[in-house]
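Q: Let's see this in three dimensions:
(one chain, ligands or ions: 4)
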Amino acid sequence: MEREQALAAVREQLTDHRYQHTLGVMGTAIELAGKYGADVAKAELAAIFHDYAKFRPKEEMKQIIIEQNMNRDLLVHNEELWHAPVGAYLIEQEAGIRDQEVLDAVRFHTSGKAGMTLLEKVIYVADYIEPGRIFPGADEARAAAGRDLDEAMKLALRNTITFLLKKNQAVYPLTIEAYNDLVLKNG
Ligand code: DGI
Ligand code: FE
Ligand code: FE
Ligand code: FE
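A: Numbers count the residues shown, from 1 in each chain. Ligands and ions are numbered 1, 2, ... in the order given. Next comes the predicted model:
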């Protein structure tokens, strides 16, 4: 799919603010893919579609999780997690995206997981460091992304987990597994 067509499809689904975020993720993902040797076209497509389901009604997402036999654990965790796997499903259904690597990059962009592919890491990190992200820790992760993609992943995961713990929220198992995987492999 061409960039303009993909952006038009996504724009209808998002608020202006979230669309601007998506443009930021697209630019950052293209940069990271070029730097680390991921497929730039796939990174662009996954970035454009990564938040496609962000504003779907909670009930619709819940129904898709049940009907498509996604991990039932999702339902007891924060619904912020749902738009990633539901998005992967909907962009195949509604936008005809068939590339499994692209679909997985969307599927795991919020939780992460152990053993992420280069493309999945590019999207996860781009989502965290795109220029519109101004939360504490974003600059540190940005600097790390210039040196080492795994280091940036680890920082983003650590900050996300710390943020959840401070808010007394549960941490989704895949997020912990993503973090442990990087620490056990790279220290
Ligand atoms: O959709 P975005 O805002 O661009 O970013 P995202 O898809 O990374 O979603 C971030 C939100 O998801 C943020 O509010 C924290 C939440 N989140 C990420 N990992 C976990 C999580 N929430 C819970 N409860 N558990 C997690 O492991
Ligand atoms: Fe998201
Ligand atoms: Fe994220
Ligand atoms: Fe996002």
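Q: Tell me who's in contact with Asp73.
A: By CB atoms under 8 Å, 6 or more residues apart in numbering, the residues touching Asp73 are 172-173. For the C-beta atoms, the positions are set from N, CA and C on the backbone; glycine is no exception.
Q: measure it to His17 for me?
A: 30 Å (CB to CB, to the nearest Å).
Q: now Arg72
A: 32 Å.
Q: where does the spatially most central residue of the chain land in three-state SS?
A: Taking CA atoms, centre = their mean as the criterion, His109 is the residue nearest the geometric centre of the chain, at 2.0 Å. Three-state assignment for His109 (DSSP: H, G, I helix; E, B strand; the rest coil): coil.
Q: Hmm, it is touching Ala47, no?
A: No - contact criterion CB atoms under 8 Å: His109 and Ala47 do not qualify, at 9.1 Å.
Q: what is in contact with those two at once?
A: Common neighbours of His109 and Ala47 (CB under 8 Å, 6+ apart) are Ile123.
Q: Excluding chain neighbours, what is closest to Val183?
A: Lys154 (6.8 Å; CB to CB, 6 or more residues apart in numbering).
Q: What is the burial count for Lys166?
A: Other residues near Lys166 come to 8 when the count uses other CB atoms under 10 Å.
Q: Please apply the same query to Gly37.
A: Neighbours around Gly37, by other CB under 10 Å: 10.
Q: didn't it look like it was pressed against Leu118?
A: Yes - here Gly37 reaches Leu118: they are 7.1 Å apart, a contact under CB under 8 Å.
Q: Output whichever strand or helix holds Leu74 as CSV, restricted to C-alpha atoms.
A: Assessed by DSSP states H and E, Leu74 sits inside helix 73-76. Coordinates of each C-alpha in helix 73-76 appear next as CSV, following Å, rounded to 0.1, in the frame of the first residue of the first chain:
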residue,chain,number,x,y,z
ASP,A,73,-5.6,-12.4,30.1
LEU,A,74,-5.9,-9.2,28.1
LEU,A,75,-9.4,-8.7,29.5
VAL,A,76,-8.3,-8.6,33.2
